[in-house]
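[1] the following block contains a protein sequence and its predicted model.
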Amino acid sequence: MSKTRILAGVAVLAAVVLLAAAVARGPQAAASGEGGQPERLIRVTGTGKVSVVPDMAVVNLAVEATGRTAGEAQDRASRAMDAVLRAVKGLGVAEKDVQTSRIGLYPLYEESKPEREPGPPRVVGFRAENGVRVVVRDLARVGAVVDAAVSAGANRVEGVLFQLSDPGPWWDRALELAVVDARRQAELAARAAGVEVRGVRSITVLGGSPAPVVRSAQVYAAAGSVPVEPGVLELTASVEVVFEF
């Protein structure tokens, strides 16, 4: 057999082997191509809001007193706070709803010092602070509680926060509305694109919380009746939902 015929036979055999390999790979390549198709998904963020009237208030009160010594200042502040607590509890505030929030004692320095006197400023007295957090569960009594506390000796009203004693049911409703809003957006987008929402791939709760309503912040030594309006709290929930179409 000539060398030319041998080379031709080898070439034919090689072509057959390559063709067989290509045929064997064909179905796998097709499957890979089908699996590589982009997923048909719509991703939206839904928001739900609920407005509700608060049912409790947190009143932050404080007493400031000064004295020539630390003991004198602290004693004056303590006696004033005792009177404040008696007045507040006398209006029906429960013992469990009254909590000390802070106690502080600070030196007072002379305003100016003669140039001939070296060294740091001289301490001329002390200022004592005593703060208390009062939960008022009858909103009709908030103004009366503030009035009574100020009359008894509280010289700082550091804010009134209106809150919900149990925000759980309202949060649940806001979350439901967030999911409804997400579906509404997805169906609107699908309809505009000429397709139909077929199912939910995933739901992620993004969070949310009621925003406290603050009134009467930093009122110093108020006099007379304090008008108090609780307003409304707005609870907001957000979700991210992935829909299939």
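    Yep, it's here. Numbering: from 1, shown residues only.
[2] domains in the chain, by residue range?
    41-52+168-210+237-244, 56-163 (automatic domain parsing).
[3] who does the strand ranked longest in the chain touch, helix- and strand-wise?
    Longest strand in the chain, counting residues (DSSP state E): strand 123-136. Contacts defined by 3 or more C-beta pairs under 8 Å, 6 or more residues apart in numbering; DSSP states H and E place strand 123-136 against strand 56-67, helix 70-89, strand 98-109, helix 142-152. Yep, even glycine has a C-beta here, placed from its N, CA and C like the rest.
[4] show the average pLDDT along that strand.
    Mean per-residue pLDDT for strand 123-136: 96.
[5] mind listing the strands that strand pairs with, and their directions?
    Sheet pairing here is set by DSSP bridges, and for strand 123-136 it gives strand 56-67 (antiparallel), strand 98-109 (antiparallel).
[6] angle of it against helix 142-152?
    150 degrees (axes from the mean of the first three to the mean of the last three C-alpha atoms, to 10 degrees).
[7] centre of the chain to strand 123-136, how far?
    29 Å (C-alpha atoms, centre = their mean, to the nearest Å).
[8] what does stretch 76-83 give?
    On C-alpha atoms, centre = their mean, the centre of stretch 76-83 falls 35 Å from that of its chain.
[9] can I get that stretch as PDB, trimmed to CA atoms?
    Below are the C-alpha coordinates for stretch 76-83, written out as PDB (Å, rounded to 0.1, in the frame of the first residue of the first chain):
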ATOM      1  CA  ARG A  76     -32.100  70.000  97.500                       C
ATOM      2  CA  ALA A  77     -32.600  68.100  94.300                       C
ATOM      3  CA  SER A  78     -33.700  64.900  96.100                       C
ATOM      4  CA  ARG A  79     -36.200  66.700  98.300                       C
ATOM      5  CA  ALA A  80     -37.700  68.400  95.200                       C
ATOM      6  CA  MET A  81     -37.900  65.200  93.300                       C
ATOM      7  CA  ASP A  82     -39.600  63.500  96.200                       C
ATOM      8  CA  ALA A  83     -42.300  66.200  96.100                       C
END
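[10] who's in contact with that stretch?
    63-67, 128-130, 132, 152-154 (C-beta atoms under 8 Å, 6 or more residues apart in numbering).
[11] return the member of those nearest to residue 91.
    residue 152 (10.9 Å; C-beta to C-beta).
[12] go through the helices and strands of this structure and name the one with the lowest mean pLDDT.
    helix 3-35 (a mean of 35; mean pLDDT, DSSP states H and E).
[13] re earlier: redo the helices and strands packed on strand 123-136 as CSV? Include mean neighbour count.
    Formatted as CSV, these follow (neighbours: other C-beta atoms under 10 Å):
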stretch, mean neighbour count
strand 56-67, 21
helix 70-89, 18
strand 98-109, 13
helix 142-152, 21
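[14] can you check which of these gets nearest to residue 207?
    Comparing the helices and strands packed on strand 123-136 by C-beta to C-beta, strand 56-67 comes nearest, at 22.8 Å.
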